[in-house]
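K.L.:
Dropping the sequence and predicted coords here.
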Amino acid sequence: MAAQFDADPVDARVVKALGHPTRVRILNVLRDRELASPVELSAELGVALGTVGYHVRRLEALGFIELARRTQRRGAVEHHYRARQVLDEADAGVAAHPAAGLAGEAIVVARAGQAALARGGFDAVAAHADLHALALDARGREELKGALADWDATVERIARASASRIAGGEQPDHRCAAVVMCFELPAGLGED
């Protein structure tokens, strides 16, 4: 009997949090600053306060940020948030479990993405992230399967050629993770 493995809900949280550019920008600011309020984030990012407030609430609900302090300002209360460490060591154990399969790989990807986000890896010129929520018919599903196989072959070819040049004396110039994930979306994910 195959071992049962329940996908950790952090996978969906990571996808939702990093799936909107304003959320990524907010996380980048909170990575660089210990605390920031929605008012400060709005001014720094040049995004409407209502939009920032919405994304701050989403990031808090997803567990990526937490309320750290309340400050009295001109008769109102200003809320200051800080970034949280989302994935813990228990996730690493789950990822290494032989029954984890793709879910374990997704946790490893999530951890690598969080670490890259924390140290500015998503700010690099070559950094790129896309999220496409797709509704596919049978033909579209097969076409996507072929496109993913082509992508994998291309990445492998590039990696082999680079490894050969590095073995010949070229200096490594760029360390990155190239990740494409295709998975069944739970109801409601990718709709906001």
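P.N.:
Good, I have the coordinates.
K.L.:
Neighbours of residue 46, how many?
P.N.:
Neighbour count for residue 46, taken as other CB atoms under 10 Å: 7. Placement of C-beta: from N, CA and C, glycine included.
K.L.:
Sorry, slip of the keys, the one I care about is residue 155.
P.N.:
Around residue 155 sit 13 other residues, with neighbours defined as other CB under 10 Å.
K.L.:
In the chain, where is pLDDT below threshold?
P.N.:
Along the chain, segments meeting pLDDT under 70 span 1-18, 85-108, 110-111, 114-115, 117-126, 185-192.
K.L.:
Following the record's annotation, map out the domains of it.
P.N.:
When the chain is parsed with automatic domain parsing, its domains come out as 10-123, 132-192.
K.L.:
So which of those domains is the most surrounded?
P.N.:
For the domains of the chain, the largest average neighbour count (mean count of other CB atoms under 10 Å) is found in domain 10-123, namely a mean of 16.
K.L.:
Wait, residue 48 touches residue 42, no?
P.N.:
Yes - at 6.7 Å, residue 48 and residue 42 qualify as touching, with contact defined as CB atoms under 8 Å.
K.L.:
does residue 77 sit in a helix, a strand or a coil?
P.N.:
Residue 77 falls in the strand class when you classify it by DSSP: H, G, I helix; E, B strand; the rest coil.
K.L.:
can you pull the contacts of residue 136?
P.N.:
Taking CB atoms under 8 Å, 6 or more residues apart in numbering as the definition of contact, the neighbours of residue 136 are residue 144.
K.L.:
part of a helix, is it?
P.N.:
No - membership of residue 136 in a helix is not supported by three-state DSSP, which gives coil.
K.L.:
separation between it and residue 152?
P.N.:
Per CB to CB, to the nearest Å, residue 136 is found 19 Å from residue 152.
K.L.:
How about residue 27?
P.N.:
Computed as CB to CB, the residue 27 to residue 152 distance reads 29 Å.
K.L.:
Thank you kindly, that will do.
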